[in-house]
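# just coords:
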């Protein structure tokens, strides 16, 4: 229900939920910030200003590599934002754990406005990534703001979000350890 208008979204509901869970659209709980490119004269490689994140080349295994800076930032990501590549190489995800940075148009920042679990959101976006990539359009693949804003996300109680994230971290760590021991 939005205002007085009720829309049936049964076709968008991917599975049944447990008691205490609810489906919401991403746009109801998070702010989406679209980046903007800078001209070459507006950035540098001399650590002067704040970081400038240009695209997928800055993403490494869920972390951001900082190699450019700008003294004239226009579109700012902040610590705690979830960063997502949306043009060219789409679907790379990383947490902003370093602070303010300017983002180029190949990047979207998803800002948590209700103190929900950003790790849980990242898992939900990763789960939806195949569907998101299928929606990518254009000669250079890209996903639109609407592709992200209209995602239907299952939201469990806060403690359950934490439990799910912790279990998956433990499981992924064990898998990584096993893979390393096999090599």
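The structure has been received and is ready for your questions. Owing to the predicted nature of the structure, the values given are computational and were not obtained by experimental measurement.

# The closest residue to residue 17 other than its chain neighbours pairs with what?
Nearest non-adjacent residue to residue 17, counting by C-beta to C-beta, 6 or more residues apart in numbering: residue 154, 5.9 Å away. Every residue, glycine included, has its C-beta placed from N, CA and C. On the basis of DSSP bridges, residue 154 is bridged to residue 23.

# What about residue 154, how many residues nearby?
For residue 154, the neighbour count with other C-beta atoms under 10 Å is 18.

# That one reaches residue 21, doesn't it?
Yes: look at residue 154 against residue 21 with C-beta atoms under 8 Å: they come within range, at 5.8 Å.

# for the protein, which helix is longest?
Identified as the longest helix of the chain according to DSSP state H is helix 158-182.

# Check which helices and strands that one is in contact with.
The contact analysis (3 or more C-beta pairs under 8 Å, 6 or more residues apart in numbering; DSSP states H and E) places helix 158-182 against helix 118-134.

# Please enumerate residues in contact with the helix it packs on?
Residues from elsewhere that reach helix 118-134 (C-beta atoms under 8 Å, 6 or more residues apart in numbering): 26, 30, 80, 82, 84, 90-91, 93, 95, 110, 112, 141, 143, 147-148, 151, 153-154, 156, 161-162, 164-165, 168.

# buried stuff in it?
Within helix 118-134, the residues that count as buried by 16 or more other C-beta atoms under 10 Å are 118, 119, 120, 121, 122, 123, 124, 125, 128, 129, 132.

# Just the closest of the residues you listed to residue 59, please.
residue 122 (12.8 Å; C-beta to C-beta).

# Can you read off the pLDDT for the closest one?
pLDDT recorded at residue 122 is 92.

# Distance-wise, check it relative to residue 140.
Remark: distance between residue 122 and residue 140 (C-beta to C-beta, to the nearest Å) = 24 Å.
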